[in-house]
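> The following comprises the amino acid sequence and a computationally predicted model.
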Amino acid sequence: MSDSATIINNPAKSQLKVGEPVLVFNVFESLRPSIIKIVKQTGYDMLMIETEHILHDEYALTNFIISARDNGLSPIITVPTTDRILVSRLLDAGALGINLCHAETTEQVDDMVRWMKYPPFGERALFMGANVDYQNADAEQYCREANEATMLTLKIESGLGVENAEQMMANEWVDGIVFGPGDLAASMGHHGGWQHPKVLAAMESVIEMALVRGIAVEPAEFPSDSAEYRRHRERGIQIFGPTRQTEYQLLREGAERALAAYR
């Protein structure tokens, strides 16, 4: 295959690299074609697929990942561990990135890079299937492009994660930062109080570190209107969307709005 034909790319990561925002839709249980179609049609760029709290059928998850890519979305998987086999299988199934929840140490980040990147930057084993759209692709070109395309985000959701955030972001392969405010609040002694001033201040400290380093990050609190969104964008924040909500929470909100006139 000629080098002129790109084998693998990550549309969302490409947007981030040129300073553009990405809109992220979080999926927990609903690995259905309808989710992919509606998410794409409504203007999202990335699917963040949950595996910390949800058990997925591997066959269905693979189909969902492939379909997301076929529809121009960037599928990234939230994982609770740096296990090599887990990371390898998700990327080989076509995932374009990993979101490491409970990111707390540089050792975790180093392990993720080791399993996500091909040599000389990591130790990812070579397989060419769903990850290359089943093409008969040039291995050298693919590995080079895959190292650039795969996206690593860190989910900061503990006091230790906040404490070590700057050291973790020093790894050149970290592409983005998101938050788990509920667990962060709990780790700081404020169960259920993710809007506590100390919790918001902790997230803001990480946001400032990310902005200084040019790493994409989401806001501590998501905008409630377009004016607030523009202020976040002017500040340099790039990651937006319901990353802290499930699709069934969004369904509940829509269903309740539909009944509002009858109450």
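Structure received.
> same for the strand or helix carrying Gly161, what does it pack against?
Using DSSP states H and E, Gly161 sits within helix 159-163. The helices and strands touching helix 159-163, judged by 3 or more C-beta pairs under 8 Å, 6 or more residues apart in numbering; DSSP states H and E, are helix 181-187, helix 197-213. No exception for glycine: its C-beta is placed from N, CA and C like everyone else's.
> what's the closest of these to Ser88?
When those are compared by C-beta to C-beta, helix 181-187 sits nearest Ser88, at 26.4 Å.
> who's in contact with that closest one?
Residues outside helix 181-187 that contact it (C-beta atoms under 8 Å, 6 or more residues apart in numbering) are 102, 156-162, 191-196, 199, 202-203, 220, 244.
> Buried among these? Make that a PyMOL selection.
Buried members of those, defined by 16 or more other C-beta atoms under 10 Å, are picked up in PyMOL with:
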select buried, resi 102+156+157+158+159+161+162+194+196+199+202+203+220
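> Which strand or helix spans Gln141?
Judged by DSSP H and E, Gln141 forms part of helix 139-149.
> which of the residues in the helix or strand that that helix is followed by are buried?
Next helix or strand after helix 139-149 toward the C-terminus (DSSP H and E): strand 151-156. Of the residues in strand 151-156, Met151, Leu152, Thr153, Leu154, Lys155, Ile156 count as buried by neighbour count, 16+ other C-beta under 10 Å.
> got TSV for the residues you listed, with distance to Glu50 too?
Listed next are these as TSV, based on distance: C-beta to C-beta, whole Å:
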residue	distance to Glu50
Met151	16
Leu152	17
Thr153	13
Leu154	16
Lys155	11
Ile156	17
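> Looking at these, which is nearest Gly236?
Within the set of the buried residues of strand 151-156, Thr153 lies nearest Gly236; the separation is 16.5 Å, counting by C-beta to C-beta.
> my guess is that closest one meets Asn99, correct?
Yes. The criterion here is C-beta atoms under 8 Å, and Thr153 meets it with Asn99 at 4.6 Å.
> Where do the helices of the stretch 1-150 of the chain begin and end?
Ranges of helices in the stretch 1-150 of the chain, per DSSP state H, counting those that start in this stretch, are 11-17, 33-41, 58-70, 84-92, 106-116, 139-149.
> pull the CA atoms of stretch 245-257 into CSV?
Extracted C-alpha coordinates of stretch 245-257, given in CSV (Å, rounded to 0.1, in the frame of the first residue of the first chain):
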residue,chain,number,x,y,z
GLN,A,245,-23.8,11.2,32.3
THR,A,246,-25.2,7.9,31.1
GLU,A,247,-27.4,7.5,28.0
TYR,A,248,-30.2,6.4,30.3
GLN,A,249,-29.9,9.6,32.4
LEU,A,250,-30.3,11.6,29.1
LEU,A,251,-33.2,9.4,28.1
ARG,A,252,-34.9,10.0,31.5
GLU,A,253,-34.4,13.8,31.1
GLY,A,254,-35.9,13.7,27.7
ALA,A,255,-38.8,11.5,28.8
GLU,A,256,-39.6,13.8,31.7
ARG,A,257,-39.6,16.9,29.4
